[in-house]
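Enquirer: Sequence and predicted structure are below.
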Amino acid sequence: MSRKRTRSRSALPAPAVATGRATKPGLRLLAGVVAAGTVCAGLSAVPASAAAPEPVVSRGVTIPAFYTPPTQLPSTNGALIRTEPLPLGLGIPGLDGRPMPGAATRLMYKSTDSAGLPVAVTGAYIEPSAAWKGTGPRPLVAVASGTMGQGDQCAPSFALQNPLTLNGETVSVGYEALAIYRILSTGAAVVVTDYVGLGATDRLHTYVNRLDQAHALLDAARAARTVPGASVTAASRTGLYGYSQGGGASAAAAELQPSYAPDVQLAGTYAGAPPADLTSVMKGIDGSALAGALAWSISGFAQADPDLRAIVDANISATGKAALTDASTMCVGDALFGYGFTKSSKWTTNGKSIGDIIAADPRAKAALDKQRIGRLKPTGPVRLATGVQDDIVPHSQARQLAVDWCNKGANVTYDAIALPNLGDKILTNHLVPLITDQGDAISWLTDRLAGKPATSNCWSMPIQR
């Protein structure tokens with residue numbers, strides 16, 4: 001039995017946590033704050049003469065060697081680093097011998113992180129068995145998953161192969177499969193990004209980082225075009241789809257596409273419950289069932305932003321640092337049981353909430369302000385939907401994003417999903433719209449992929465021009 005590979009993974013100096021939770025060496029750049037030949041497309045990342053790295057084990061789950069990035073990366077964003085067949089955990093053989101809903105490929109590709117540095121990102125491409133019946137070549141939908149967690153075993157591509165991971169140490173559910181399979185049934189191909197640091201074992205997942213997520217999603221669309229056997233091309237219309245964390249990623253990508261990926265033929269974007277204003281969102285999740293996500297945000301931004309790193313180091317207590325270390329290997333299911341309804345004031349040295357500490361520190365406010373979505377005009381039509389009772393990713397800040405875009409003259413279809421209050425801070429007000437709106441969201445996006453125009457309803461928003 002192989003030894004576990006110890007990696008200094010994401011959290012702040014803290015007491016040791018339970019064994020069996022591997023961490024990542026790339027985070028030594030956070031020392032004192034955080035504990036602890038060129039590869040071409042399709043080629044093996046590790047030279048034959050190099051010693052094989054010891055496997056990474058995260059909460060009892062061995063992460064396949066595929067997810068370990070090479071030391072050198074291609075220069076082109078979206079360039080494939082490696083691919084391999086990906087067995088779909090919920091796939092079945094079709095009557096014509098083709099797999100249903102399609103043939104999947106695991107992939108690693110090059111992107112650029114929020115610091116402007118090259119980064120390897122993993123994901124999956126699925127070539128659908130269903131025929132595309134619309135106009136033009138087969139389109140592509142780049143899917144940005146909702147919150148999965150921060151442990152490598154939570155990666156969306158890993159979840160496509162393992163829809164349910166339940167081993168006594170971690171709970172991971174591939175809930176995005178429903179949306180992905182519904183999109184595949186329309187005949188559109190799908191590419192899914194694992195985001196920066198989720199799956200790929202060289203760093204911590206930079207949860208809800210605007211630039212990291214947008215770049216990873218757009219570069220996934222680029223990478224899909226060169227996957228062996230893929231029918232999508234540079235001429236394929238491309239849609240972006242995401243809810244919650246994914247809604248923020250797709251929204252940010254729609255804004256950045258003109259400057260970062262003008263070669264992606266963006267036809268439309270669905271952004272469901274997008275966390276556009278992280279100051280508001282942090283207050284929403286603090287003390288909620290999803291309080292563990294606050295730990296993921298803190299650790300991810302401490303890794304990426306020196307100002308926030310210093311603030312976290314100065315204000316997070318030993319108890320808080322231990323919680324951040326622990327949470328950094330958790331999936332959503334683990335966090336619900338481990339830190340559900342925890343208040344961030346229990347993690348700070350002065351007993352104040354993380355929100356209050358950020359509000360009192362100009363550096364922290366400026367750092368989060370850089371993450372604000374809505375300051376750029378998105379490319380093409382956007383459908384933005386949010387539940388009016390959402391208290392996890394607050395409805396008001398998502399609606400404000402629609403207003404901001406409308407003020408810039410964007411083509412926005414805004415849908416306020418009217419549901420009764422289904423329970424304060426227990427996730428239901430956030431999760432139910434994900435299901436109830438999914439059919440309409442996919443239908444709207446399919447129309448954009450078919451070349452049908454969208455009609456903005458900005459006229460219904462109280463905006464100032």
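Expert: Done, it's in. Numbers count the residues shown, from 1 in each chain.

Enquirer: Please enumerate the helices of this structure.
Expert: The residue ranges that make up the helices of the chain, judged by DSSP state H, are 156-161, 177-185, 210-224, 245-260, 278-285, 292-304, 306-315, 318-327, 332-339, 354-360, 362-369, 395-407, 428-436, 438-449.

Enquirer: For residue 137, find the nearest of those.
Expert: For those, the distance to residue 137 is smallest for helix 438-449, at 10.5 Å, taking CB to CB. For the C-beta atoms, the positions are set from N, CA and C on the backbone; glycine is no exception.

Enquirer: Packing partners of the closest one?
Expert: helix 177-185, strand 238-243, strand 266-272, strand 382-387 (3 or more CB pairs under 8 Å, 6 or more residues apart in numbering; DSSP states H and E).

Enquirer: ok, residue 458 touching residue 414?
Expert: Yes - counting by CB atoms under 8 Å, a contact exists between residue 458 and residue 414, whose distance comes to 7.5 Å.

Enquirer: shared neighbours, the two?
Expert: Residues touching both residue 458 and residue 414 (CB atoms under 8 Å, 6 or more residues apart in numbering): 402, 406.

Enquirer: Which parts of the stretch 51-200 of the chain are strands?
Expert: Counting by DSSP state E, counting those that start in this stretch, one finds strands in the stretch 51-200 of the chain at the ranges 56-58, 61-63, 80-85, 92-93, 99-100, 102-112, 118-128, 140-144, 164-166, 171-173, 189-193.

Enquirer: what is the rounded mean pLDDT of the fifth one?
Expert: To tie it back to what came earlier, the one meant is strand 99-100. Taken as a whole, strand 99-100 carries a mean pLDDT of 79.

Enquirer: do the fourth one as well
Expert: What strand 92-93 shows for mean pLDDT is 74.

Enquirer: and that strand, which strands flank it?
Expert: Sheet pairing here is set by DSSP bridges, and for strand 92-93 it gives strand 99-100 (antiparallel).

Enquirer: residues in contact with the partner strand?
Expert: If you take CB under 8 Å, 6+ apart as the criterion, strand 99-100 is touched by 88, 91-94, 129.

Enquirer: go again using 7 Å as the cut-off
Expert: The set of residues that contact strand 99-100 without belonging to it, under CB atoms under 7 Å, 6 or more residues apart in numbering, is 91-94, 129.

Enquirer: How is this protein partitioned into domains?
Expert: Listed by automatic domain parsing, the domain ranges of the chain are 25-278+371-460, 279-369.

Enquirer: Serialize those domains to CSV and add fields for mean neighbour count.
Expert: Conversion of the domains of the chain to CSV gives the following (neighbours: other CB atoms under 10 Å):
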stretch, mean neighbour count
domain 25-278+371-460, 21
domain 279-369, 21
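
Enquirer: and those domains, which one is worst for confidence?
Expert: Set side by side, the domains of the chain show their lowest mean pLDDT on domain 25-278+371-460, which sits at a mean of 91.

Enquirer: Now do the contacts for residue 418.
Expert: Contacts for residue 418 were tallied using CB under 7 Å, 6+ apart; they are residue 388.

Enquirer: Residue 89 and residue 331: what is the separation?
Expert: Shown here: residue 89 relative to residue 331, a distance of 15 Å by CB to CB, to the nearest Å.

Enquirer: next one: residue 319
Expert: Taking CB to CB as the measure, residue 319 falls 22 Å from residue 331.

Enquirer: Go ahead and measure how far stretch 122-135 is from the middle of the chain.
Expert: Here stretch 122-135 is found 20 Å from its chain centre; the criterion is CA atoms, centre = their mean, to the nearest Å.

Enquirer: I should have written stretch 413-426 there, sorry.
Expert: Distance, stretch centre to chain centre, for stretch 413-426: 22 Å (CA atoms, centre = their mean).

Enquirer: could I get the strands of the stretch 51-200 of the chain as a markdown table with distance to residue 272?
Expert: Formatted as a markdown table, the entries for the strands of the stretch 51-200 of the chain read as follows, by distance: least, CB to CB, whole Å:
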| stretch | distance to residue 272 |
| --- | --- |
| strand 56-58 | 28 |
| strand 61-63 | 28 |
| strand 80-85 | 29 |
| strand 92-93 | 28 |
| strand 99-100 | 26 |
| strand 102-112 | 23 |
| strand 118-128 | 20 |
| strand 140-144 | 10 |
| strand 164-166 | 23 |
| strand 171-173 | 18 |
| strand 189-193 | 16 |
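
Enquirer: ok so, going back, of the helices and strands packed on helix 438-449, which is nearest residue 114?
Expert: The closest approach between residue 114 and any of the helices and strands packed on helix 438-449, judged by CB to CB, belongs to strand 238-243 at 17.9 Å.

Enquirer: for that closest one, packing partners?
Expert: For strand 238-243, the packing partners by 3 or more CB pairs under 7 Å, 6 or more residues apart in numbering; DSSP states H and E come out as strand 140-144, helix 245-260, strand 266-272, helix 438-449.

Enquirer: For my notes, please list the ones you listed in a markdown table and give distance to residue 222 for each entry.
Expert: Shown next, in a markdown table, are the helices and strands packed on strand 238-243 (distance: least, CB to CB, whole Å):
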| stretch | distance to residue 222 |
| --- | --- |
| strand 140-144 | 9 |
| helix 245-260 | 10 |
| strand 266-272 | 12 |
| helix 438-449 | 17 |
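
Enquirer: so which of these comes closest to residue 304?
Expert: When these are ranked by proximity to residue 304 (CB to CB), helix 245-260 comes first, at 14.6 Å.

Enquirer: quick one on the thing from earlier: could I get the helices of the chain in a markdown table, plus columns for distance to residue 68?
Expert: Below are the helices of the chain laid out as a markdown table (distance: least, CB to CB, whole Å):
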| stretch | distance to residue 68 |
| --- | --- |
| helix 156-161 | 13 |
| helix 177-185 | 25 |
| helix 210-224 | 18 |
| helix 245-260 | 24 |
| helix 278-285 | 30 |
| helix 292-304 | 18 |
| helix 306-315 | 25 |
| helix 318-327 | 21 |
| helix 332-339 | 23 |
| helix 354-360 | 33 |
| helix 362-369 | 30 |
| helix 395-407 | 37 |
| helix 428-436 | 32 |
| helix 438-449 | 34 |
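
Enquirer: Looks like residue 152 contacts residue 202 (just checking).
Expert: No - because the distance of 10.2 Å does not satisfy CB atoms under 7 Å, residue 152 is recorded as not touching residue 202.

Enquirer: Give me the nearest residue to residue 91, chain neighbours excluded.
Expert: residue 99 (5.1 Å; CB to CB, 6 or more residues apart in numbering).

Enquirer: Beta-bridge partners for the one you found, please?
Expert: residue 93.

Enquirer: Could I get the contacting residues of residue 346?
Expert: Applying CB under 7 Å, 6+ apart, the residues near residue 346 are residue 319.

Enquirer: Over to residue 387?
Expert: Contact analysis of residue 387 by CB under 7 Å, 6+ apart lists 273, 395, 417, 419, 429-430, 432-433.

Enquirer: Tell me which of the helices and strands packed on helix 438-449 approaches residue 336 most closely.
Expert: Distance to residue 336, taken as CB to CB, is lowest for strand 238-243 among the helices and strands packed on helix 438-449, at 17.8 Å.
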